[in-house]
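compute the structure for the input listed below.
(chains A and B)
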Amino acid sequence: MRSEASRSDIFLWLAIAVFLGASVVQIVRRGPLRLEKPVTVVSNGNATFYAPLLIFLAQIARTIPPGATVSLAPPTGRDPSNWLDYWVAVGQLPRQRVVFAGRFLPQRSTGEIPLFVACYGGEFVDSRFRLIRRFPEGGLYEAVR
Amino acid sequence: LTSSIFLISWLAIPIFGLPAALCFGPNDSRIGRLSFAFGAGATALTLAMLLLTAAGVPWTLFRIAIAMSPLLLLAPLARSGKAARIPRIDRRAIPGLITILLAVLVLTYAAGTARATSTDLLYFWGTKGEVFAAAHRIDATFLADPDHFPLHPDYPPLLPCLYAWGAMASGRFPWGAAVLTAPVLFILTLATFWGYARRRLGDARAALSGGFLGALMGFGFIASSVAGNAEPALILFETLALAILVFGDRSRRDDLAASIALAGCALAKFEGAVFVLAAVGASVIFEREKPDRGKALPRLLVLPALALGSWLAFCARHGLLDNYKGGLHGTFTLVNLSKVAAGVAKSASYGVGFLPWIALALLWAVSGPRRESLAPAAVAAAFTLVNVSFYLHGTQDPTDWIAWSARRILLTPLLCLVFAASAHGGSSEPARAGDRP
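Sure, this is the predicted structure:
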């Protein structure tokens, strides 16, 4: 029993070292080792592609009034039915009401037209909206009244 | 400050589980009892929030506390089965405990620097918690909205409710604090293992096995990016249940303790219900004598059945049933068998050539198979088979779905196999007084 236990003890020590090492390798691979708060919750992980969108939505949240309707739309010409981005926007804009872009784009759709459109990653061309503010990641558009 | 208040509100959750911990938690480990109190408190809190929603009473912290007060009033009356005698920690356990601490530090750094965040936090978990907090209820209107239907309206509500609890306390939902719940739950998981294992394995071996669990699961958490998701909560509840079933004494008290943990599993994730059935089935088949089986089965199943039943009744009332209705992806077919096999194998490798599985197989080979390992190994097998069979429903290519979910789902079989390997720990120390012969 004792030799069996000591053999498995040695094995456990080895395994602990291997997995702690493998964790550290993953950490190093995912970004520079720093002791500072990341800019977003996805800045260093497998979803870094969302970091600019989160920064953009944080600016939108600060810019438009609480309770306003807003839609996150892709640049003109791209499919507006991006469900994943829509769900991210719902979570990041808790004080506003987020409208799914696929409901009112293209123009002939009869869905609810939001007060604001936040266009991420390019230009949004739609006669129903005018640009009111530009950010590095995209623009904010307001419905023409 | 918001993040701090959010996390402090989570530290208050064990208060709600204190009576249950005093009655059913381990009476020889303070930290094990604290973990049990958190698990029981989180389950009770979720059910209280569900009850208030069903009764049409909007949530406030005060109302939730009132709803929980009958439980809290029981605390002074609660007595553990035996007088608590907390043994001092054997000095030989210190190296193992240091490895546990290292595993915690590594995961905390990974989660705190956004290296382990799941996109599902952004899509589902955080969003639901935030919406529920703003609505002061489980927002059935939000869940029933056709635009939100892919968020799985009937997905078990434990984590969104705990998020809503923290968001109401802190005034808004802090995304950065949400990812830090993974190390919090991870610490409780390792504390659970240590608290229960030391009575059977001795301190040194329990600490070393806990260090192994910490290193392996910490790696799994980072490799599969689970920070902010419900996996850390599910793993905590599964650890509680397995620790009680593997290291406990199969008494009525332990069965009810396991039932509380299994209720948490059922409320944490869809796969939690699969784990409940696998764990109860394996425990009854492999760990009980025939005359005891008929009594153990209802004792183990009563609370998870009540908890999940309450949630499903709520969903049925509000037209939210989706996953639990079955048939969402089509009927069982082997048409995608090769894709499923390839996808699951790719996920199971965790990018390190199947190292977790190889390590567990080697540990078994070194220790030699024992009877005590059968139940947790059977849970691993049953859980894996059932979850892989989900991928074999419908004719649509499941490759993306598997890549999205399989790594995280396979954390449960890994956990079960750690228990299977630890159950026959081959203690090199004398058993403590009061241990099972």
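
doesn't residue B:177 belong to a strand?
No - assessed by DSSP: H, G, I helix; E, B strand; the rest coil, residue B:177 does not belong to a strand; its assignment is helix.

need the contact list for the residue lying closest to it once chain neighbours are set aside.
Distances taken as C-beta to C-beta, 6 or more residues apart in numbering or on different chains place residue B:3 nearest to residue B:177, at 3.7 Å, with adjacent residues excluded. No exception for glycine: its C-beta is placed from N, CA and C like everyone else's. By C-beta atoms under 8 Å, 6 or more residues apart in numbering or on different chains, residue B:3 lies in contact with B:170, B:174, B:176-177, B:180.

any idea of the pLDDT on residue B:3?
Note on residue B:3: pLDDT of 89.

that one - that's part of a helix, no?
Yes - Residue B:3: assigned to a helix according to three-state DSSP.

please settle this for me: is residue B:362 part of a helix?
Yes - looking at residue B:362 with three-state DSSP, it is inside a helix.

next one, pLDDT for it please.
For residue B:362, the pLDDT comes out at 92.

which strand or helix spans the residue nearest to it when sequence neighbours are not counted?
Nearest residue to residue B:362 in three dimensions, chain neighbours excluded: residue A:11, at 6.4 Å (C-beta to C-beta, 6+ apart). Here residue A:11 is covered by helix A:2-29, with elements defined by DSSP states H and E.

got a list of contacts for the helix or strand following that helix?
Downstream of helix A:2-29, the first helix or strand assigned by DSSP H and E is helix A:51-63. Applying C-beta under 8 Å, 6+ apart, the set of residues contacting helix A:51-63 from outside is A:39-43, A:70, A:72, A:85, A:88-89, A:92-96, A:116, A:118, A:120, A:133, A:135, A:137-138, A:140, B:122.

how about 7 Å then?
Identification of contacts with helix A:51-63 by C-beta atoms under 7 Å, 6 or more residues apart in numbering or on different chains yields A:39-40, A:42-43, A:70, A:85, A:88-89, A:92-93, A:95, A:118, A:120, A:133, A:135, A:137-138, A:140.

type out the ChimeraX command that picks the buried ones from these.
Per 16 or more other C-beta atoms under 10 Å in any protein chain shown, the buried members of the contacts of helix A:51-63 correspond to this ChimeraX selection:
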select /A:40,42,43,70,85,88,89,92,93,118,120,135,137,138,140
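
from the contacts of helix A:51-63, which are also near chain B?
Among the contacts of helix A:51-63, the ones lying near chain B by C-beta under 7 Å from any C-beta of the partner chain are A:40, A:42-43, A:88.

JSON lines please, covering these and showing pLDDT.
As requested, the ones next to chain B among the contacts of helix A:51-63 are exported to JSON lines (pLDDT from 0 to 100):
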{"residue": "A:40", "pLDDT": "93"}
{"residue": "A:42", "pLDDT": "93"}
{"residue": "A:43", "pLDDT": "91"}
{"residue": "A:88", "pLDDT": "93"}
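
count of neighbours near the residue in the stretch 51-200 of chain B that chain A sits nearest to?
As assessed by C-beta to the nearest C-beta, chain A sits closest to residue B:127 within the stretch 51-200 of chain B, at 3.5 Å. If you count neighbours by other C-beta atoms under 10 Å in any protein chain shown, residue B:127 ends up with 25.

burial check on residue 31, number of neighbours?
Using chain A. Using other C-beta under 10 Å, the number of residues around residue A:31 comes to 15.

the intended chain is chain B.
Other residues close to residue B:31 by other C-beta under 10 Å number 16.

in stretch B:392-409, which residues are buried?
Buried residues in stretch B:392-409, counting neighbours by 16+ other C-beta under 10 Å, are found at B:392-394, B:398, B:401-402, B:405-409.

from those, which is closest to residue B:230?
Distance to residue B:230, by C-beta to C-beta, is smallest for residue B:408 among the buried residues of stretch B:392-409, at 9.4 Å.

list the contacts for that closest one?
Residue B:408 touches B:224, B:226, B:231, counting by C-beta under 7 Å, 6+ apart.

how far away is it from chain A?
Distance of residue B:408 to chain A, given as C-beta to the nearest C-beta, to the nearest Å: 12 Å.

where's that residue relative to residue B:414, distance?
Residue B:408 sits 11 Å away from residue B:414 when distances are taken as C-beta to C-beta, to the nearest Å.

that older thread, from the buried residues of stretch B:392-409, which ones fall inside helices?
Of the buried residues of stretch B:392-409, the ones assigned to helices by DSSP state H are B:401-402, B:405-409.

closest to residue B:384 among those residues?
residue B:409 (8.3 Å).

so the closest one sits against residue B:385, correct?
No - under the criterion of C-beta atoms under 7 Å, residue B:409 is not in contact with residue B:385, lying 11.9 Å apart.

show me what counts as buried in stretch B:331-351.
B:336, B:340, B:343-344, B:347-348, B:350.
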